[in-house]
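>>> Sequence and predicted structure are below.
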Amino acid sequence: MTMTPTVKAILANYESDNPGVKANLARILMQGRLGGTGKLVILPVDQGFEHGPARSFAVNAPAYDPHYHFQLAIDAGLSAYAAPLGMLEAGAGTFAGQIPTILKVNSSNSWATGVNQAVTGGVDDALRLGCSAIGFTIYPGADDVFDMMEEIKEMRAEAASVGIATVIWSYPRGGKLSKEGELALDVGAYAAHMAALLGAHIIKVKLPTSHVEQKDAAKSYEGQDFSSQASRVKHVVQSCFAGRRLVVFSGGAAKGSDAVYQDARDIRDGGGNGSIIGRNTFQRPRDEALAMLDKIVGIYKGEEA
Amino acid sequence: MTMTPTVKAILANYESDNPGVKANLARILMQGRLGGTGKLVILPVDQGFEHGPARSFAVNAPAYDPHYHFQLAIDAGLSAYAAPLGMLEAGAGTFAGQIPTILKVNSSNSWATGVNQAVTGGVDDALRLGCSAIGFTIYPGADDVFDMMEEIKEMRAEAASVGIATVIWSYPRGGKLSKEGELALDVGAYAAHMAALLGAHIIKVKLPTSHVEQKDAAKSYEGQDFSSQASRVKHVVQSCFAGRRLVVFSGGAAKGSDAVYQDARDIRDGGGNGSIIGRNTFQRPRDEALAMLDKIVGIYKGEEA
Amino acid sequence: MTMTPTVKAILANYESDNPGVKANLARILMQGRLGGTGKLVILPVDQGFEHGPARSFAVNAPAYDPHYHFQLAIDAGLSAYAAPLGMLEAGAGTFAGQIPTILKVNSSNSWATGVNQAVTGGVDDALRLGCSAIGFTIYPGADDVFDMMEEIKEMRAEAASVGIATVIWSYPRGGKLSKEGELALDVGAYAAHMAALLGAHIIKVKLPTSHVEQKDAAKSYEGQDFSSQASRVKHVVQSCFAGRRLVVFSGGAAKGSDAVYQDARDIRDGGGNGSIIGRNTFQRPRDEALAMLDKIVGIYKGEEA
Amino acid sequence: MTMTPTVKAILANYESDNPGVKANLARILMQGRLGGTGKLVILPVDQGFEHGPARSFAVNAPAYDPHYHFQLAIDAGLSAYAAPLGMLEAGAGTFAGQIPTILKVNSSNSWATGVNQAVTGGVDDALRLGCSAIGFTIYPGADDVFDMMEEIKEMRAEAASVGIATVIWSYPRGGKLSKEGELALDVGAYAAHMAALLGAHIIKVKLPTSHVEQKDAAKSYEGQDFSSQASRVKHVVQSCFAGRRLVVFSGGAAKGSDAVYQDARDIRDGGGNGSIIGRNTFQRPRDEALAMLDKIVGIYKGEEA
Amino acid sequence: MTMTPTVKAILANYESDNPGVKANLARILMQGRLGGTGKLVILPVDQGFEHGPARSFAVNAPAYDPHYHFQLAIDAGLSAYAAPLGMLEAGAGTFAGQIPTILKVNSSNSWATGVNQAVTGGVDDALRLGCSAIGFTIYPGADDVFDMMEEIKEMRAEAASVGIATVIWSYPRGGKLSKEGELALDVGAYAAHMAALLGAHIIKVKLPTSHVEQKDAAKSYEGQDFSSQASRVKHVVQSCFAGRRLVVFSGGAAKGSDAVYQDARDIRDGGGNGSIIGRNTFQRPRDEALAMLDKIVGIYKGEEA
């Protein structure tokens, strides 16, 4: 497929990156059915680490097998597949070259007693496994967030120096943050902005609500209407260097398919770059998952309303 | 002995590993009386570290001598022998090339005031002593588990780069876990899954009970019957990448021989790869231990009911 | 002096060690009046670090001078002299080649606020100063013992690779241990065993009492008579790989000479390899110290009852 | 297979080596049909590098495929397979754990303008590929031999430190050596001795003629009868530390099978440890090669006259 | 044995060396029957490398075995044993601690086409094998001598930093030197002086003739009588910092025993520190060699005329 002007324009925004990082971003942006559109849909499968295998896979048992997810992402024509070390090791040989992969290099789990994650993969692993990017979670608000930021600072620098892109999962959590605040508009935009400031090439955040958490921030939002989700997406995109960085949104826990589609429409309409969608796909039977992903891709391509 | 199709199929699952790691896994899988069957029985002798010498060896005094255990494992036709640095140093020259060894690289002890272990051996030691693998314990649930994960992340990467396999002992303990929860089905499967995600080549867990600890996980287990131990083994195997990783089960404290045999049958019937069995053997007189191991090997070979 | 069969047999137990380590062990075992017997008496002078100069040396003022101790060890025909960096630096040139030295590489002091020690010397220092071994203290039971174990793991590996032996002082202390427990039989044997597992070439522990501290261990000691000190020494020796590692016992605080002699007899009769005896010698006038050491050497040689 | 006293006695000669090196030597000595006898037959396939593919493989076209040689060595029950990097890379995954491999780390070729070789593999490659040994050629007599010796000095030290054994091919060539001298008895024994002095664990030389090349050496051979090949083998073995090092002999260019068998008988009768036999096997059809190797193995086992 | 004033005085000359180097020099000076006298006799066995095995050992076949030489040096009560890597590896475990060893780290051979040597051992090997010193040959006069000097400059610095002493074999050879000149008085003294300047702790040279090779030097020797060998030894000793460095003399090719004894007397009378004597011992039957060494030791001890 020929490189499109849209993708060229996106790559031009990564103007301080070496050609290696650009080539890996290009691989993601030119992959699958959204290749060339500047939109992307990523399949992430780190829920086994976060919530355990049964909660993640029992509802659709074939998903216990790491090969299942590679194949799902490929068959659905997605842009990339993200997973922790062991999951990638178990399929990276078989599927080498078939889909860009993102090595999720830190992980938490249900039993964690602190709001933090363990570093469970490295840039050397990403190179060895042929990954296009590393993925790293930060918890803005957490007591340990400075440690997490320093870890990704080191890993991002190492990754970028060898042409590997960095995706930052920026999930506000812990510390003085209220539960409602975790999804607040101001907090989400702030979290996305910090990921951009940390040098993320792709930023992954949750879709925010219209709640504004910080008193000091309230004034800044006065007089603007954020009642539509698309408007909130637009604000997040704006917070990521006015659109100079790719931003994708996660769907959260499994939910009804109509809600999933509406999210995709709002992301598209707000100028977001796409979805990172895990449980909503692999916790459905494969046929249903493929049908859902087909529709989402269609939405991003503008083929669906 | 010619490599069997069974072992070839197992090795093929380690598709991202270099031939050095595969060769060391093959050495374990082709060793002893179970060589070629895809089943394995490992003798671990780290109880001196964990519980002290008298509790471990007084009942069978010849076992104070490190050579005793090498010889027991060899004479019983086992697959590998695992021990901490000093134990291996004291016999690795005499028994070089006679049985694959696993260097247990971290250890705790009865006096530990935290739920953690000390790193007491390294990959360079494993190479120098001719070991086929390193062994490392993580305590999922513990406050320090992220540190333990980061340690094994580093050591596994180093080991794999020089052809040494990694065995992870994944023992839930500490933090918010109840005592009953340590052996719960959901917790055990989760612990096994995390070891797989961390890149373990062989996963060692305890045989779980049918208790489900996590409320959030309960729903995933609804409507399934886990009353038989074999069914629980099967779920753990499934949680290790649908059987793409070798899983062995530990027997715990010394107990009656019938219980030990039943465990082996259940592991076999549930599709587990074998047993790691320490105190139940070396705390019996050598003749009895050999007879017991003979029977266990027979069970895994399908020669015993 | 010709190497004796006794010493050759001891060296053969260090079967994974290179000839450099064996040569340094041989130097200690062939030195002085006990050379060739497999027994050893070591003079340690780290009390200045541990208790301060006045408490250590005021009672016998010439002992403030580092040369005093080198000369005492040489004149008494001892096996080795152990001290911290500064003490060795102050005499290593003058006494080069006259007696094997052990660089005590970590030290605590009376003002310490944690149960730990500072690393105050290195393997490079040991080489530069012509030492045969490094000495390192661990405090089993202490909150920081894992850190101490990880330190000696690194230092031992480095030392052994360049032919330097390792002596581990294993002194239970801190954490959940009662004062009585520090000297308990089970605790002392456990401490010795952990030193062996950490790869110590020579293990130094205190003479244990007949108290058993751990409830879980009590059963292992049932029905055996540990009322004699020799029987307790024998159990410690057994716990050091059934005698495959050299074990020496410290005498503790200065005490009456008869008690010191009885300790030596018990160590000898229980199969221990010797004494490490500091304050009981250098806190006596030189003549008395020489007379005492003469008698102790005689006991180990079997010339004294 | 249980370790035999013969192999234990051989391993004991490697008294300064760590258990890792001993384990790899044991793997070779316990492999295949000669396992346990102290004899070994190695299949080397570096002729493609040395003489080009057509000269090496055209006569038996299946031998162009690297898998052919692994399988031949396995099916014939040989002790090890030796080849350059690319040849091993092309099969090391498939045949992992099936036969010990030796990475030939330097190579020459027909177009070389100097009597030297290029270093084309490393110890890290050997570890990664699961090799038991590295192989290195020196050309005693060549102008560049000091450089070659310094290369293997470095590589041997690195290999031994990580448990990898070293095989030295010692082939007199170049400089002041006459063509007849390359195979002279004195020169061959000298070449073998130098390999031993360089620390080779296994020494590979050519079968020498009875010619004595060096005037200064003639006197040392006076009055002895070296007309039989077995007597010459015996002298070479003697020159390798009186048999303390394993010595194998290469068969040279393809020749009649009777001559090949006679060589094996002479090596056996002279106390050599075996053959390294390449072109005489893989340049014959597979059936003939297997039949020939079967007979050679039989000769070494003493089953054939 | 108590350190003697003579040895203390010698050690005091090495005033810039660390205690490690002094301890190793002391080990050599306190070893064997000459221990404490300041005299030393070293057994060097590198002739297998230099002249080949048959020329070196055929005349006394037991000498093909590396253990033979360790045992000879020990039984004769010599000061040290020097040999290349392979020879030491083959016995360093068995004889650890029984006699100081010197690792000869460079070697030439009969087929060398340049006047140079290959570096075949390193300081790390010396440490690992428990050696007290490294030995290195330079060829003053050779075209390559600056390279050799730069090699030993590096190795000596490394060795001294870890407490290993350096012995320099200084053998004039090559370049513009005549055959007669190689043994000339001025050349020999000059060679010894350069070794001292390079930092050798022990200098090994050949016994010079009274010939003076350099025209420019002739004037300096005018009016002095160098007809006696002892006077020439005295001049060499003088050239080694007026006796501040140990100087030993080699005996050259095997010759009549009376000549050997006379050499020893002359070395003693001229103030040399001893002999390094290889072929004249190990090329004789063991009984004769021991008798000869007994007499030489007697000469140095002044017990023989």
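That came in fine, so what should we check first? Numbers count the residues shown, from 1 in each chain, chains lettered A, B, ... in the order given.

>>> where's the residue of the stretch 201-305 of chain A found nearest chain C relative to B:Phe146, distance?
In the stretch 201-305 of chain A, the residue found nearest to chain C is A:Lys204; the distance is 36.1 Å by CB to the nearest CB. In this view, the C-beta of every residue, glycine as well, is placed from N, C-alpha and C. As judged by CB to CB, to the nearest Å, A:Lys204 and B:Phe146 stand 21 Å apart.

>>> Ok, A:Ser170 next?
19 Å.

>>> repeat for A:Val41
Taken as CB to CB, the span from A:Val41 to B:Phe146 is 31 Å.

>>> next one: A:Lys234
Using CB to CB, one gets 36 Å for the distance from A:Lys234 to B:Phe146.

>>> Ok, A:Gly274 next?
31 Å.

>>> How about A:Arg265?
From A:Arg265 to B:Phe146 the distance is 38 Å (CB to CB).

>>> For the most centrally placed residue in chain A, pull up the helix or strand it's in.
Centroid check for chain A by CA atoms, centre = their mean gives A:Lys204 as the closest residue, at 3.9 Å. Following DSSP states H and E, the helix or strand that holds A:Lys204 is strand A:202-206.

>>> doesn't A:Thr166 make contact with A:Ala200?
Yes. The criterion here is CB atoms under 8 Å, and A:Ala200 meets it with A:Thr166 at 5.5 Å.

>>> Now for those two: what residues contact both?
Counting by CB atoms under 8 Å, 6 or more residues apart in numbering or on different chains, the shared contacts of A:Ala200 and A:Thr166 are A:Arg156.

>>> Go ahead and name everything in contact with the strand holding A:Lys204.
Under CB under 8 Å, 6+ apart, the answer for strand A:202-206 is A:25, A:28, A:133, A:135, A:165-171, A:182-183, A:188, A:191-192, A:195-196, A:236, A:240, A:245-250, A:252, A:273, A:276.

>>> Show me what that strand pairs with in its sheet, parallel or antiparallel.
strand A:165-170 (parallel), strand A:246-250 (parallel) (DSSP bridges).

>>> And A:Val123, how far from chain D?
19 Å (CB to the nearest CB, to the nearest Å).

>>> swap in A:Ala191?
41 Å.

>>> do the same with A:Gly199
From A:Gly199 over to chain D (counting by CB to the nearest CB), the distance is 32 Å.

>>> re earlier: the more surrounded of A:Lys234 and B:Phe146?
B:Phe146 (23 against 19; other CB atoms under 10 Å in any protein chain shown).

>>> quick one, what contacts the more buried one?
Counting by CB under 8 Å, 6+ apart, B:Phe146 has contacts A:Ala112, A:Gly114, A:Asn116, A:Gln117, A:Ala118.

>>> cool, A:Leu40 as well?
Contacts of A:Leu40 by CB under 8 Å, 6+ apart are A:Ile28, A:Leu29, A:Leu34, A:Ser79, A:Ala80, A:Leu246, A:Val248, A:Asn273, A:Gly274.

>>> In space, what's closest to the residue in the stretch 101-250 of chain A positioned nearest to chain D - neighbours in sequence excluded?
Here the residue of the stretch 101-250 of chain A nearest chain D is A:Arg128; by CB to the nearest CB that distance is 11.0 Å. Excluding the flanking residues, the one nearest A:Arg128 by CB to CB, 6 or more residues apart in numbering or on different chains is B:Ser16, at 7.6 Å.

>>> Pick out the residue in the stretch 151-300 of chain A sitting closest to chain C.
Closest point on the stretch 151-300 of chain A to chain C, by CB to the nearest CB, is A:Glu151, at 21.0 Å.

>>> wait, that residue sits on A:Thr120?
No. If you go by CB under 8 Å, A:Glu151 and A:Thr120 don't touch, sitting 11.6 Å apart.

>>> neighbours of A:Asp294, just the number please.
Residues near A:Asp294, counting by other CB under 10 Å: 15.

>>> can you check A:Gly122 too?
Residues near A:Gly122, counting by other CB under 10 Å: 19.

>>> Also the one 3 residues further on?
Residues lying near A:Asp125 (other CB under 10 Å) number 23.

>>> What helix or strand is it located in?
Short version, using DSSP H and E: A:Asp125 is in helix A:123-128.

>>> In contact with the nearest residue to A:Trp111 once chain neighbours are set aside: list those residues for me.
Leaving aside its sequence neighbours, A:Trp111 sits nearest to B:Gly141 (CB to CB, 6+ apart; 4.1 Å). Neighbouring residues of B:Gly141 by CB under 8 Å, 6+ apart: A:Trp111, A:Thr113, B:Pro172, B:Arg173, B:Gly174, B:Gly175, B:Lys176, B:Leu177, B:Gly181, B:Glu182, B:Val187.

>>> how close does A:Ser108 get to chain C?
23 Å.

>>> For that residue, which residues are in contact?
Contacts of A:Ser108 by CB under 8 Å, 6+ apart are A:Phe49, A:Glu50, A:Asn116, A:Gln117, A:Ala118, A:Thr137.

>>> Wasn't A:Gly77 part of a strand?
No. Using DSSP: H, G, I helix; E, B strand; the rest coil, the assignment for A:Gly77 is coil, not a strand.

>>> tell me the SS of the closest residue to it other than its chain neighbours?
Closest residue to A:Gly77 apart from its sequence neighbours, by CB to CB, 6+ apart: A:Arg33 at 3.4 Å. Judged by three-state DSSP, the three-state class of A:Arg33 is coil.

>>> got it, and the one 4 residues further on?
The three-state label given to A:Thr37 by three-state DSSP is coil.

>>> if I pick it, what's in contact with it?
A:Thr4, A:Thr6, A:Tyr300, A:Lys301.

>>> Next, give me the two most distant ones among those residues.
Using CB to CB, the contacts of A:Thr37 span at most 14.2 Å, a distance reached by A:Thr4 and A:Tyr300.
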